[in-house]
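J.: Here is my input; please provide its structure:
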Amino acid sequence: MSFLPPVSVATVLTRVHDGTYLLPAIQREFVWKPDQIISLVDSLLRGYPIGSFLLWDVNAESAGKYTYYNFITNYHESTAPFATKAVVPPGKGIVAILDGQQRLTALNIALYGSHAEKKKGAWVSNASAYVKKSLYLNLLESPDHEELGLAFDLRFLSEAEFKESNKWFRVGEVLTLEDSGPAIMGEIATRGFDAEQGQVAFKKLYSLFDAIRVRQPINCYEETDQDADKVLDIFVRVNSGGTSLSYSDLLLSMATNQWATKDAREEVRTLVQELNHGGSRDFAFTKDNVLKSALMISGLPVRFAVSTFTKENMELVESNWEKTRDSLLTAAALLRQFGFNSHNLTAHSVGIVLAYYLSKLKNMTSYVNSTHNMLDRESVRVWINKTILKGGIWGSGLDSLLSRIRTEIDSHGVDSFPSIQLEQSMAQIGKSLVFDDLEIQALLDVEYGSPKAFATLSLVYPSLNLAVDYHVDHIFAKSHFSEKSLKSLGVQKDSLEEYRSRVNRLANLQLLTGQVNVEKQKMLPTDWFATAFANDENRQLFASQNDVNLDLLGFTQFLEFFDWRSERMRARIVQSLIN
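T.: The predicted structure is shown next:
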């Protein structure tokens, strides 16, 4: 990267207008308001620095591979709020603006164009609600004291407002003045000012001429490397101050520019909302999850790289969009049926895998509820639980993992979920789903409030209908574990610390439906088990399915109950992880 000699505002805007400077598709839309444009021009008039600009010198060969946009000149909030696509002649290189788009667009509007936004209170559909205005400089007066931070009276005025007084000079006309002496004097003479007014006007108009035509406040850095991914990384780094940017945000902009019939940005945004709020349980899927799913389903490289987001590839993604959308929504429905939500689904990347698998099935629409697919759904559920409970699966190396999973599903997932083949392939890249003794003990030590508590309990107690809203609940209610309460229940003083160290751990936790959990609340386990079931047969069935020893429900028996249940849960965990 090199530093270029400083240039004037007029020189930069000339390059904007002759098509030398263009905007890459990764740039966001112009968002500045009129007062921000005015503040920028005021800074120039006062000789203040306005920051540096970052340019990408794109050679002719590279320029033809990507989409570029012109700078906005005449902004209209209703009919022309966005930049138009640029036509780059074959064999011509361009300079893409990586940092400075908002400022250059603001200067272009201020000097060459106009701004039209809807009047407050007016109807959006009313064409007269949008008044075209240009930037003017008051040659005689300074701003009111209330105009904090401005030294020059600059305003966007309509043609009618401008004609009300001869004190207004359209800022863009400074570009046509032949010089800073006689030409300025001639301009002032046409306005009929007296001698004192003429001196004030001359100083203000000369300040404008000097700021735009003479001084060279534009400092630029230039990147000449043609590696688009390196340039994307530079863009993210220099544009991340104050506003969170991600590669998916930028690449989504490129997709938007290249889709023929749909707005990619709007489609992805809407789908994310549907995924996260489309049922009884909320999720936290992101644009990254959706985009990677789209790349997976379209058979494209899943790594976020500019080279992937070509016109041809984006056409393929667009043609597969309905399948991607349906697969993700079905995946979310299945995850809800498994009992997951935004809190306990600690790796939303599993949704990408699930969506890809579903996209390959002929009976995707019936898969979620069909009795024919019951065993296959259970295989999927266990695999998902294992990947969530095993540390390090969905962290680093995600793209390599997803690519391997796609290959295995393509090869072995035609009729059923290939969990065995997936585990074997994952182990080859250090993503083994085999749990050692320490990891099993760590699951037994999972505490109330941990997202892993639900995943572990649902793994070892598969008979539960997780489509119902289940809560993680204490068997021995936590409210009774204060020192005072424990003593009143007959617990010896030397056991208090041991009791309190175990209250939140897995062996004292169970899954209860939301309504039952509310009804149970602070009841002693002896009381709850005596009253919560219609008959002894139901009570015994629940105890058997959930490893509850009905003979060890007294508070003085808690430590014995805890150890008894821990051993049975350990055996269940080992058995579940083997299967």
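J.: Check which residues of stretch 496-508 are buried.
T.: Residues of stretch 496-508 classed as buried: 499, 502-508 (neighbour count, 16 or more other Cβ atoms under 10 Å). Where C-beta positions appear, they are placed from N, C-alpha and C, glycine not excepted.
J.: for those residues, which one is nearest residue 308?
T.: The nearest member of these to residue 308, counting by Cβ to Cβ, is residue 506 at 42.7 Å.
J.: I'd guessed residue 197 sits against residue 140; true?
T.: Yes. Between residue 197 and residue 140 a contact is recorded at 5.7 Å, counting by Cβ atoms under 8 Å.
J.: can you list the buried residues of stretch 496-508 in a markdown table and add pLDDT?
T.: Formatted as a markdown table, these follow (pLDDT from 0 to 100):
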| residue | pLDDT |
| --- | --- |
| 499 | 93 |
| 502 | 94 |
| 503 | 94 |
| 504 | 95 |
| 505 | 95 |
| 506 | 94 |
| 507 | 95 |
| 508 | 93 |
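J.: between these, which is nearest residue 315?
T.: When the buried residues of stretch 496-508 are compared for distance to residue 315 (Cβ to Cβ), residue 506 wins out at 50.2 Å.
J.: OK, contacts around that closest one?
T.: With contacts defined as Cβ atoms under 8 Å, 6 or more residues apart in numbering, residue 506 is in contact with 443-447, 453, 456-457, 566, 569.
J.: Relative to residue 355, how far out is it?
T.: Separation of residue 506 from residue 355 (Cβ to Cβ, to the nearest Å): 31 Å.
J.: what's the answer for residue 381, then?
T.: Residue 381 is 15 Å from residue 355, by Cβ to Cβ.
J.: between the two, who's got more neighbours?
T.: Set residue 381 next to residue 355 and count neighbours by other Cβ atoms under 10 Å: residue 355 wins out with 29 against 21.
J.: Then that one would be within a strand, right?
T.: No. Counting by DSSP: H, G, I helix; E, B strand; the rest coil, residue 355 is not found in a strand; it is helix.
J.: list the contacts for it?
T.: Residues counted as contacts of residue 355 (Cβ under 8 Å, 6+ apart) are 293, 296-297, 324, 327-328, 330-331.
J.: Name the nearest of these relative to residue 132.
T.: The nearest one, if we look at the contacts of residue 355 relative to residue 132 and count by Cβ to Cβ, is residue 324, at 41.9 Å.
J.: helices or strands up against the helix or strand containing that closest one?
T.: In this structure, residue 324 sits in helix 321-337 according to DSSP states H and E. Counting by 3 or more Cβ pairs under 8 Å, 6 or more residues apart in numbering; DSSP states H and E, the packing neighbours recorded for helix 321-337 are helix 264-276, helix 287-297, helix 350-359, helix 364-367, helix 374-389.
J.: and if we set it to 6 Å?
T.: The contact analysis (3 or more Cβ pairs under 6 Å, 6 or more residues apart in numbering; DSSP states H and E) places helix 321-337 against helix 287-297, helix 350-359.
J.: and the last one with helix 321-337, angle?
T.: Our comparison of helix 350-359 with helix 321-337, counting by axes from the mean of the first three to the mean of the last three Cα atoms, to 10 degrees, yields an angle of 120 degrees.
J.: now the strands for this protein?
T.: All strands of the chain, identified by DSSP state E, fall at 2-7, 21-24, 52-58, 68-69, 74-76, 94-99, 114-116, 134-138, 154-157, 168-170, 218-223, 470-474, 509-513.
J.: The helices and strands packed on helix 321-337: which one's closest to residue 307?
T.: Closest of those to residue 307 is helix 287-297, at 12.2 Å (criterion: Cβ to Cβ).
J.: so what does the closest one touch, helix or strand wise?
T.: Using 3+ Cβ pairs under 6 Å, 6+ apart: helix 287-297 touches helix 247-258, helix 264-276, helix 321-337, helix 350-359.
J.: mind putting these in a markdown table, mean pLDDT and distance to residue 59 included?
T.: Compiled in a markdown table, the helices and strands packed on helix 287-297 are given as follows (pLDDT from 0 to 100; distance: least, Cβ to Cβ, whole Å):
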| stretch | mean pLDDT | distance to residue 59 |
| --- | --- | --- |
| helix 247-258 | 69 | 19 |
| helix 264-276 | 87 | 28 |
| helix 321-337 | 95 | 33 |
| helix 350-359 | 97 | 36 |
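J.: deepest of these, which one?
T.: With neighbours taken as mean count of other Cβ atoms under 10 Å, the helices and strands packed on helix 287-297 reach their highest mean count in helix 350-359, at a mean of 25.
J.: between it and helix 287-297, how many degrees?
T.: Going by the same axes, to 10 degrees, helix 350-359 makes 30 degrees with helix 287-297.
J.: circling back to that earlier point, got CSV for the helices and strands packed on helix 287-297, with distance to residue 177 too?
T.: Converted to CSV, the helices and strands packed on helix 287-297 look like this (distance: least, Cβ to Cβ, whole Å):
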stretch, distance to residue 177
helix 247-258, 38
helix 264-276, 43
helix 321-337, 53
helix 350-359, 60
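J.: For residue 287, which of those helices is the nearest?
T.: Of all the helices and strands packed on helix 287-297, it is helix 247-258 that lies closest to residue 287, at 4.7 Å by Cβ to Cβ.
J.: could you list every residue that touches residue 52?
T.: residue 219 (Cβ atoms under 6 Å, 6 or more residues apart in numbering).
J.: now, which of the buried residues of stretch 496-508 sits nearest residue 318?
T.: Closest approach to residue 318 among these (Cβ to Cβ): residue 506, at 46.7 Å.
J.: and the gap between that closest one and residue 568?
T.: Distance of residue 506 to residue 568, given as Cβ to Cβ: 11 Å.
J.: if we can go back for a sec, could you dump the helices and strands packed on helix 321-337 to a markdown table with distance to residue 491?
T.: A markdown table is the format used below for these (distance: least, Cβ to Cβ, whole Å):
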| stretch | distance to residue 491 |
| --- | --- |
| helix 287-297 | 48 |
| helix 350-359 | 42 |
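J.: Residue 373 is nearest to which of those helices?
T.: Nearest to residue 373 among the helices and strands packed on helix 321-337 is helix 350-359; the distance by Cβ to Cβ comes to 10.7 Å.
J.: quick check: angle from the closest one to helix 374-389?
T.: Counting by the same axes, to 10 degrees, helix 350-359 points 160 degrees away from the direction of helix 374-389.
J.: domains for the protein, by residue range?
T.: The chain breaks down into these domains under automatic domain parsing: 2-218, 246-434, 440-578.
J.: want to throw the strands of the chain into a markdown table with distance to residue 203 and mean pLDDT?
T.: Shown next, in a markdown table, are the strands of the chain (distance: least, Cβ to Cβ, whole Å; pLDDT from 0 to 100):
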| stretch | distance to residue 203 | mean pLDDT |
| --- | --- | --- |
| strand 2-7 | 24 | 92 |
| strand 21-24 | 32 | 91 |
| strand 52-58 | 29 | 92 |
| strand 68-69 | 39 | 87 |
| strand 74-76 | 30 | 95 |
| strand 94-99 | 33 | 91 |
| strand 114-116 | 27 | 95 |
| strand 134-138 | 12 | 97 |
| strand 154-157 | 15 | 96 |
| strand 168-170 | 13 | 96 |
| strand 218-223 | 24 | 92 |
| strand 470-474 | 74 | 86 |
| strand 509-513 | 78 | 87 |
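J.: Deepest-packed of these, please.
T.: Burial of the strands of the chain is given as mean neighbour count (mean count of other Cβ under 10 Å); strand 21-24 ranks first at a mean of 24.
J.: Pairing partners for it, with directions?
T.: Here strand 21-24 is paired, per DSSP bridges, with strand 68-69 (antiparallel), strand 94-99 (parallel).
J.: And that strand, how far out from the chain middle?
T.: 25 Å (Cα atoms, centre = their mean, to the nearest Å).
J.: So what touches it?
T.: With Cβ under 6 Å, 6+ apart, strand 21-24 has contacts from 15, 68-69, 83, 86, 94-97, 101.
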